[in-house]
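1. sequence first, predicted coordinates after that:
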Amino acid sequence: MLICDTHADTLFTAAMEPEKKRDVTLDTLKKGGVNLQTLAMFVGDSKEIEAIRDCFGKMYKALDEFKQQGWKQVLSLRDAKEGETAFLLSVEGCDLLYDGMDIIDQWYNMGVRMAALTWNYQNVVATPACVNDTDKLTLFGVEVCRKLAEKKMAIDVSHLNEGGFWDLLDKGFVPLASHSCCRALCDHKRNLTDEQLKKLFEAGGYVGVNFFGRFLAPKGDITLELVADHLEHMLEMGGEGKIGFGSDFDGCSLKPIHLDDPSGLPLLMDVCNRRFGEKITRGIAGENLLKYYDRI
């Protein structure tokens, strides 16, 4: 069974907090049977462009170190294979595009295949959910999305506001949400409403369920069953064949019991098998993500 994860902040942690113990290592990925781990290049928590450039420079260095340590990079989802462990690159926040759209070509050439338009700060492309619900994409942002689509790079709407989300769909783009959950089960701005989920799935999009407790439940124990509840709700919204895992490992402090890192994924797979059956579980584990990239 192919297992894929669409979001982890491991590169940022390695670059900016090298002394910190990481959730995602080659060892924990192999123990969890993960075949494809998406590593996000995250813009960081500063709005200043110089700080963002510095952050990316440090992540480029960390990436080289990962490769020297034996991490294998793939440039296409179809290069992910059962029995192997590899990573795919993404970008979380297009703030660096302040320097111009040519950066997208640089990202593509280094293997980036997914780009989240925002993090938690408004930028030259779009507005995040934590700022307002109404702003659409900027004119420049629409051009950015067109270029991403032309290069078959997934447009990631996790963190994006509703105005930008609907603008994307109205313009015919087919985005994914790399690490998001259901607003109906946990009323958080970062989560997607039922209407958003239905329309995203109808458009052929994809959602990776986030394991961060803040997005899974407003209070109480954070369990594997709770993760499965969000998957089940997405199935009810039309998500069969279009959902998977977007852990947010190395970016979340509150994780489900028994799921501190990728090594706990087999336990989550057991829960999914019991609740959804083998066919749907195989899709959630990884096959659905490959099919999404085939669609775009």
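-> That came in fine, so what should we check first?

2. for the nearest residue to Val227 once chain neighbours are set aside, helix, strand, or coil?
-> Nearest non-adjacent residue to Val227, counting by CB to CB, 6 or more residues apart in numbering: Pro256, 5.7 Å away. (C-beta placed from N, C-alpha, C; glycine too.) Three-state assignment for Pro256 (DSSP: H, G, I helix; E, B strand; the rest coil): coil.

3. go on, Val91?
-> Quick answer, by three-state DSSP: Val91 is strand.

4. neighbours of it, how many?
-> Residues lying near Val91 (other CB atoms under 10 Å) number 27.

5. that one touches Val112, doesn't it?
-> Yes: under the criterion of CB atoms under 8 Å, Val91 makes contact with Val112 at 5.6 Å.

6. what's the overlap in contacts for the two?
-> Met41 (CB atoms under 8 Å, 6 or more residues apart in numbering).

7. and the residue nearest to Val227, how far is that from Glu162?
-> Distance, Pro256 to Glu162, by CB to CB, to the nearest Å: 27 Å.

8. for those two, indicate the residue with more neighbours.
-> Comparing Pro256 with Glu162 by other CB under 10 Å, the one with more neighbours is Pro256, at 25 against 20.

9. roughly how far apart are that one and Phe211?
-> On the measure of CB to CB, Pro256 and Phe211 end up 6 Å apart.

10. what does Ala177 give?
-> Distance, Ala177 to Phe211, using CB to CB: 14 Å.

11. ditto for Val125
-> Counting by CB to CB, the gap from Val125 to Phe211 is 27 Å.

12. those two - which one has more neighbours?
-> Phe211 (32 against 25).

13. next structured bit after the helix or strand that Lys30 is a member of?
-> Using DSSP states H and E, Lys30 falls within helix 26-32. Once helix 26-32 ends, the next helix or strand along the chain (criterion: DSSP H and E) is strand 36-42.

14. what ranges does the stretch 51-200 of the chain have for its strands?
-> For the stretch 51-200 of the chain, the strands defined by DSSP state E, counting those that start in this stretch cover 86-92, 112-116, 154-156, 176-180.
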